[in-house]
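> Sequence first, then the predicted structure:
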Amino acid sequence: MAGTGRIKVKTPLVELDGDEMTRVIWQLIKDKLILPHLDVRLEYFDLHLKVRDETADQVTRDAAEAIKRFGVGVKCATITPDAGRVAEYSLRQAWPSPNATIRAMLDGTVFRRPIMVCNIPPAVRSWKKPVTIGRHAYGDIYAARELIVPAAGTVELVYRPSGGGEERTLLHEFKGPGVVMGMHNLDRSIRAFAEACINYALSEKTELWFCAKDTISKKYHGHFREIVEERCKARTEDFAQAGVSYRYFLIDDAAAQLMKHEGGMLLALMNYDGDVWSDLIAGGFGSLGLMTSVLVSPDGKFEFEAAHGTVRRHYMLHKEGKRTSTNSVASIFAWTGALAKRGELDGTPDVVRFAQKLERAVLDTIEQGKMTQDLARLAVGFAAEPLSTEEFIDAVAACAAAGYHG
Ligand code: NAP
Ligand code: MG
């Protein structure tokens, strides 16, 4: 490809820049791996925390609108400010998580999938293919109301339909102190989650496992199951065409199955299960630096990113001029994922091929024993010498250049 000019990407790609060490990596990836080979118009939004502060977070909302308009975005990790960050960056306020804002605006579901490399074995011996997690990221305990019950008394759930009337359920007759929680979800959101999971499973041709606990929670979890199954039933033909199937599992059964399964499925999980299991899966497959993440909206918009954060500890070293060894693999795969999707939607197979070749170059580089510190600790075969952040990206660039000519 080099020598034949840069490959043209038809539709603009929405780019969301970010913070700290991942911002450093981001620039290196663009300069060394992407822009020398692609003629691509980037709709650029700078989500650096200072810019979010200066624009009262308008830049985040504009970026989400651009993803809705163009269809595909690629995002660098960003700081979600807490009180410490408000002081550190002299912020006007603790702006919300950009990921939460974008997810809400796209009504999307986040899918996390590990990148597998031959010489980094997963913790579970039977895992041969990546296990993907689709987490329903609305409601449940994340939007619950809680009450400490200080002493004996009655707690009820009360529903007052706007048209009048009332329905009550006794939650518990407390004889002494305790605690209660009320949580909710919305049919609209569950349906969007189901659609996004189905779209992902069909497009990636992977089995879809929806896991919950409807034997115990017959109404709450049962309602989720009903909606997911109703959506799957409506897409029966699509499943058949893609050659994949839908299965329901009790969550504890799925946990046991997973430990002896070869992987390769999409686990569609309720909010809390998805939160916990995504970290379990990330840990089981090696490093956070190997975990990719994609936000998929029910109407088929995509935002690709790495699952990890801004790697602050490494950034502090970088600022002091010290050597860092930060893994850029998940960030590179955010770019390749976005470009491959862009190429697929645009009908430009050379863009898809470029993304595939770059991914192959990343894997080849690691399999040749060239990797960052986090992976060197886990690699089998021979002792790998950890490369610096920049050395690793240079090694990938060299390997990719050979591949493009081949
Ligand atoms: P983090 O950036 O994920 O890093 C936590 C630790 O995991 C690092 O210190 C490092 O361990 C290891 N690690 C993560 N990614 C790595 C990589 N690519 N290469 C090598 N090691 C890696 O989490 P954090 O430091 O707790 O959070 C920093 C900021 O990120 C926070 O402000 C948070 O709001 C933000 N965040 C953003 C996103 C997002 O935008 N999607 C997601 C999560 C967090 P060692 O220190 O042991 O080397
Ligand atoms: Mg979590």
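Arrived safely, thanks for sending. Ligands and ions are numbered 1, 2, ... in the order given.
> Which helix or which strand is home to residue 156?
Using DSSP states H and E, residue 156 maps to strand 153-159.
> ok but residue 43 is inside a strand, no?
Yes. Checked against DSSP: H, G, I helix; E, B strand; the rest coil, residue 43 lies within a strand.
> Ranking helices and strands of the chain by mean pLDDT, which lands last?
Lowest by mean pLDDT, DSSP states H and E among the helices and strands of the chain is strand 385-386, with a mean of 84.
> quick one: that strand near ligand 1?
No. With CB under 6 Å from any ligand atom as the criterion, ligand 1 is not reached by strand 385-386; the gap is at least 10.5 Å. Placement of C-beta: from N, CA and C, glycine included.
> In the following helix or strand past that strand, which residues are buried?
For strand 385-386, the following helix or strand on the C-terminal side (DSSP H and E) is helix 389-405. Residues of helix 389-405 classed as buried by neighbour count (16 or more other CB atoms under 10 Å): 389, 390, 392, 393, 394, 395, 396, 397, 399, 400, 404.
> Serialize these to a markdown table and add fields for distance to ligand 1 and pLDDT.
Formatted as a markdown table, these follow (distance: CB to the nearest ligand atom, whole Å; pLDDT from 0 to 100):
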| residue | distance to ligand 1 | pLDDT |
| --- | --- | --- |
| 389 | 9 | 97 |
| 390 | 13 | 97 |
| 392 | 10 | 97 |
| 393 | 12 | 98 |
| 394 | 17 | 97 |
| 395 | 15 | 96 |
| 396 | 14 | 97 |
| 397 | 18 | 97 |
| 399 | 19 | 94 |
| 400 | 19 | 92 |
| 404 | 25 | 66 |
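> of all those, which two lie farthest apart?
Distance extremes for the buried residues of helix 389-405: the farthest pair is 389 and 404 at 22.9 Å, using CB to CB.
> Give me the spatial nearest neighbour of whatever residue of the stretch 151-300 of the chain ends up closest to ligand 1, chain neighbours excluded.
Nearest residue of the stretch 151-300 of the chain to ligand 1 (CB to the nearest ligand atom) works out as residue 289 at 3.5 Å. Of all residues not flanking residue 289 in the chain, residue 327 sits nearest, at 2.8 Å (CB to CB, 6 or more residues apart in numbering).
> Please name the residues that touch the one you found.
287, 288, 289, 290, 371, 372, 374, 375, 392 (CB atoms under 8 Å, 6 or more residues apart in numbering).
> Then residue 314?
21, 324, 325, 326, 389.
> Three-state assignment for it, please.
Following three-state DSSP, the label given to residue 314 is helix.
> any idea how far it lies from residue 217?
For residue 314, the distance to residue 217 (CB to CB, to the nearest Å) stands at 42 Å.
> hang on, the earlier thing: max pairwise distance over the contacts of residue 314: which two?
Checking the contacts of residue 314 with CB to CB, the most distant pair is 21 and 325, at 10.8 Å.
> between those two, what contacts are shared?
What both residue 21 and residue 325 touch, as defined by CB under 8 Å, 6+ apart, is the set 314, 389.
> Looking only at neighbour counts, state which of the two leads.
Counted by other CB atoms under 10 Å, residue 21 and residue 325 do not tie: residue 21 has more neighbours, with 25 against 19.
> how about that one, what does it touch?
310, 311, 312, 314, 315, 318, 324, 326, 389.
> quick one: it is in a helix?
Yes. Judged by three-state DSSP, residue 21 forms part of a helix.
> that older thread, can you show me the CA trace of the strand holding residue 156 as CSV?
Backbone C-alpha positions of strand 153-159 (Å, rounded to 0.1, in the frame of the first residue of the first chain) are rendered in CSV as follows:
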residue,chain,number,x,y,z
GLY,A,153,-41.8,-0.2,60.9
THR,A,154,-43.3,-1.0,57.6
VAL,A,155,-41.8,-0.4,54.1
GLU,A,156,-44.0,-0.6,51.0
LEU,A,157,-43.6,-0.1,47.3
VAL,A,158,-46.4,2.3,46.1
TYR,A,159,-47.2,2.9,42.4
